[in-house]
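> Need a 3D model of the following:
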Amino acid sequence: MSRRALAIVPVLTAVLTGCGGEAADLVTVARTGDLPAAELTLRVNDGGFAFCNGAEDGRRIPDQDLLEVRAAVTDLEEEAAEGLRLAPGPKSLLRYEAEMPEGTVAFADTSRRQPKATYELAALTRRIAKGTCGLPR
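Numbering: from 1, shown residues only. Next comes the predicted model:
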């Protein structure tokens, strides 16, 4: 490899790794409710790490979960920008508030007229909380 090529390697490495900074947050989900262990704050960043209940050290989430979180956030961009807030329906057990770069979406497990992506985000929140964070719910 030439000296010129060797000289550019550190520059490319810094660009590709974001100069060592933390990846941007994709979403922070605050979950509340009437079930045991319903209370949760889950922050997922674009680097594939979940931060559970205020933990400073992130835990790596499976690549498929990261892809699905990205998709759900993308699908909710318009609703987040509009500040969508859906009232809980009857017998609601869980409520969610999802903060994204575009804005915030609030919904409950029984909210009417939910976009499909809110169901997906709720399922991902549970899966990451149980699997990655090791929480009961």
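> Could you pull out the strands in this structure for me?
25-33, 40-45, 49-52, 59-60, 94-100, 103-108 (DSSP state E).
> For stretch 81-90, which outside residues touch it?
76, 95, 102-114, 118 (C-beta atoms under 8 Å, 6 or more residues apart in numbering). Any C-beta I mention is one placed from the backbone N, CA and C, and that applies to glycine too.
> Could I get the buried residue list for it?
84, 86, 88 (16 or more other C-beta atoms under 10 Å).
> so residue 34 touches residue 91, yeah?
No. Contact status for residue 34 versus residue 91: not in contact, 9.5 Å apart, counting by C-beta atoms under 8 Å.
> Pipe the buried residues of stretch 81-90 into a markdown table and attach pLDDT and distance to residue 30 per row.
Below are those laid out as a markdown table (pLDDT from 0 to 100; distance: C-beta to C-beta, whole Å):
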| residue | pLDDT | distance to residue 30 |
| --- | --- | --- |
| 84 | 98 | 15 |
| 86 | 98 | 15 |
| 88 | 98 | 15 |
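> Closest one of the residues you listed to residue 133?
residue 88 (24.5 Å; C-beta to C-beta).
> tell me the phi and psi of that closest one?
Main-chain torsions, residue 88, degrees, to the nearest 10: phi -60, psi 140.
> Pull out the buried positions in stretch 21-38.
25, 26, 27, 28, 29, 30, 31, 33.
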